[in-house]
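Student: generate coordinates for the sequence data below:
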Amino acid sequence: MPSTNVKSLSESTRDKLKHAIGQLESFLNQHALPQLLTEDQDNEAELFYKGLLSDLRHLLVFSEVAYEKLGVALRRPNFDDDFAARILYEVYHQCVNAFFYPKNECYSEDGRYAYTGQDAIRFRKKPIRVARETVLSVSKIYEELRDDLSYYESDYMTQRRMQGQK
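Tutor: Next up is the predicted model:
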């Protein structure tokens, strides 16, 4: 991939991560488990919200780490394509995958809805409005990142292996 593409992709990825981080931080700073449970009285609500908060916290940490690494790559006097490409690979495999394959499976992507204009995210249990809006809002960002970084799903490592690197 040409260096100008890697640099511009690094810049746009960092901007998108910044927006996702802002939304996730805002939600997580304003909502705790007891507050979510007072708004939603259901037998399985506690397990659902524990899982959702845990998944969102992991996603936030992965996104913040990637954001910082991209910042380091972009601030270097001489842009290092290999270093930036490695970070973009990590963004795809840690951030994007953390969003679309959450450990607690409180939500999942239903590909059948992706092309209908409807939200492709399906929740295991109906969450309160603010939780639903937050997940759906960041889903659009991570969908864009997935589309932008699809090269890094497998082609990047294949290219590295062919060059004899790991």
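
Student: model confidence over the lengthiest helix in the chain, on average?
Tutor: Scanning the chain for the longest helix, with DSSP state H as the assignment, gives helix 45-75. Across helix 45-75, pLDDT averages out at 95.

Student: tell me what that helix is packed against?
Tutor: In terms of contacts (3 or more C-beta pairs under 8 Å, 6 or more residues apart in numbering; DSSP states H and E), helix 45-75 is packed against helix 3-30, helix 33-39, helix 81-90, helix 97-100, helix 129-148. All C-beta atoms are positioned from the backbone trio N, CA, C, and that covers glycine.

Student: mind putting these in TSV, mean pLDDT, distance to Ala66 and mean neighbour count included?
Tutor: Shown next, in TSV, are these (pLDDT from 0 to 100; distance: least, C-beta to C-beta, whole Å; neighbours: other C-beta atoms under 10 Å):
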stretch	mean pLDDT	distance to Ala66	mean neighbour count
helix 3-30	92	6	16
helix 33-39	83	26	13
helix 81-90	92	6	19
helix 97-100	94	10	20
helix 129-148	94	10	17
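
Student: among these, which is nearest Tyr49?
Tutor: For the helices and strands packed on helix 45-75, proximity to Tyr49 was assessed by C-beta to C-beta; helix 33-39 is nearest, at 4.5 Å.

Student: for the helices and strands packed on helix 45-75, give me JSON lines that also has distance to Arg57.
Tutor: Formatted as JSON lines, those follow (distance: least, C-beta to C-beta, whole Å):
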{"stretch": "helix 3-30", "distance to Arg57": "6"}
{"stretch": "helix 33-39", "distance to Arg57": "12"}
{"stretch": "helix 81-90", "distance to Arg57": "18"}
{"stretch": "helix 97-100", "distance to Arg57": "10"}
{"stretch": "helix 129-148", "distance to Arg57": "13"}
